[in-house]
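*Asks:* Show me the folded form of this:
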Amino acid sequence: MRKYVIALFFTVLFYGIQHNSKAQDPQFSQFYAAPLFLNPAFAGSTELTRIGANYRNQWPGINANFVTYSAYFDHYFMDYNSGVGLLLLGDRESNAGIALNGVSLQYAYNLRLTQNLAFRAGLEANYTWRSIDYTRLVFGDQLDFTGIVNDQTGEVLSGGNVSYFDMAAGGLLYSDRFWMGFAAHHILQPNQSFLGEDDPLPRKYSVHAGFKIPLPTRTDLRYENGFRERSLTPTVNYKMQGEFQQLDIGMYFTNEPLVLGLSYRGLPIQNVEGVANNESLIFILGYTMNGLNIGYSFDYTLSSLGIGTGGAHEVSISYTFFMGDPRKPPKNVRQIPCPKF
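*Replies:* Numbering: from 1, shown residues only. Below is the predicted model of the structure:
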């Protein structure tokens, strides 16, 4: 069973790493609070049942802001070492009325390599709808020398909707202290053109990793089922899609029930059309207790757009629970030690 799962995983993951073009997927600053969006190998990673939602409003201070939201559900089947997940995603751009809606089904298989080391392989099937509202666009023949915008245009516009099927794959290697994951999205490079032309969606690759450093804690601070966590966790997340590259590097301090995070997003060594790739500084505040996780983050814009854009506000919530006979709780539950936000 193991060799077939691994063979299928790597066949799908490395299917044609060849094409480059300019594009960027929606993103979440709290990417670990959107685990199924980050990597399909996270499906069932709590080894329990989990539900969650995310909301992000980027650049609310200008007309061309982006609003992204998601909802997800995943469950782990202990007897089959398998996790399944359902992910719903929506994204809106206010200026041109560009909208994206997607639904993804995921499956992940957990392989116990040694007593302290495990590997999860995940696959995803996705269907996406995209649309654009042409009535929000202004063309050159609608403008006159007085600055008045006319209602009529000579542009012939059609095909404001497109839908496509896609796939993704990912893997996670982890122990009780560290993790390293990698994922490939848009493996099929579907055609995303509204006008019926050839416009393949470029593949997106990501690598994410981190290490949890336990800190001394007071022995009188306990949950009903154990001690409260107190730790430092450095993290890194690198993404590449076409010619676009981005690096998130940060640190989380956990003193349950509170979590504080600070991270930097950008890649200063890369210039985009002569401008340094500095995007934002991200401040994260989280609350975690008895399976409930609530997070808020603010992106302070460092790019030339400036803080006048309003930065980005993001909220996440998730709840993890055991969906079974409470008289027979699961044993030896092993969760990936990454942050929850």
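*Asks:* Report the residue spans of this protein with pLDDT below the cut-off.
*Replies:* For the chain, the stretches flagged by pLDDT under 70 are 1-23, 96, 135-136, 138-142, 144-159, 218-227, 271-276.
*Asks:* what ranges do the helices span in it?
*Replies:* 2-13, 35-38 (DSSP state H).
*Asks:* Am I right that residue 73 is in contact with residue 50?
*Replies:* Yes - using C-beta atoms under 8 Å, residue 73 makes contact with residue 50 at a distance of 7.2 Å. Placement of C-beta: from N, CA and C, glycine included.
*Asks:* If you count surrounding residues, which of the two has more?
*Replies:* residue 50 (26 against 15; other C-beta atoms under 10 Å).
*Asks:* what sits against the more buried one?
*Replies:* Remark: with contacts taken as C-beta atoms under 8 Å, 6 or more residues apart in numbering, residue 50 is in contact with 72-75, 318-321.
*Asks:* Mark which of the residues you listed are part of strands, please.
*Replies:* Secondary structure from DSSP state E places 72-75, 318-321 of those in strands.
*Asks:* Can you name the two of these that sit furthest apart?
*Replies:* 72 and 321 (14.5 Å; C-beta to C-beta).
*Asks:* who's more crowded, these two?
*Replies:* Shown here are residue 72 and residue 321; by other C-beta under 10 Å, residue 72 has more neighbours (23 against 13).
*Asks:* What's the local residue count around the nearest residue to residue 93 once chain neighbours are set aside?
*Replies:* Excluding the flanking residues, the one nearest residue 93 by C-beta to C-beta, 6 or more residues apart in numbering is residue 66, at 5.5 Å. If you count neighbours by other C-beta under 10 Å, residue 66 ends up with 18.
*Asks:* so residue 66 makes contact with residue 55?
*Replies:* No - applying C-beta under 8 Å, one finds residue 66 not in contact with residue 55, separated by 11.8 Å.
*Asks:* from memory residue 190 sits against residue 166, does it?
*Replies:* Yes - using C-beta under 8 Å, residue 190 makes contact with residue 166 at a distance of 5.3 Å.
*Asks:* separation between residue 309 and residue 279?
*Replies:* 11 Å (C-beta to C-beta, to the nearest Å).
*Asks:* any common contacting residues for the two?
*Replies:* residue 301.
*Asks:* From the neighbour counts alone, determine which of these two ranks first.
*Replies:* Between residue 309 and residue 279, counted using other C-beta under 10 Å, the more crowded position is residue 279 (21 against 18).
*Asks:* so how far is residue 285 from that one?
*Replies:* Residue 279 is 20 Å from residue 285, where distance means C-beta to C-beta.
*Asks:* again with residue 202
*Replies:* Distance of residue 202 to residue 285, computed by C-beta to C-beta: 34 Å.
*Asks:* residues in contact with the closest residue to residue 323 other than its chain neighbours?
*Replies:* With C-beta to C-beta, 6+ apart as the criterion, residue 323 has its nearest non-adjacent residue at 4.1 Å, and that residue is residue 49. By C-beta under 8 Å, 6+ apart, the residues touching residue 49 are 73-76, 320-323.
*Asks:* Max pairwise distance over those residues: which two?
*Replies:* Distances among the contacts of residue 49 were taken as C-beta to C-beta; the most separated pair is 73 and 322, at 14.7 Å.
*Asks:* Can you pick out the residue with more neighbours from residue 202 and residue 285?
*Replies:* Between residue 202 and residue 285, counted using other C-beta under 10 Å, residue 202 has the larger neighbour count: 22 against 14.
*Asks:* so the residue nearest to residue 323 bridges to which residues?
*Replies:* residue 75, residue 321 (DSSP bridges).
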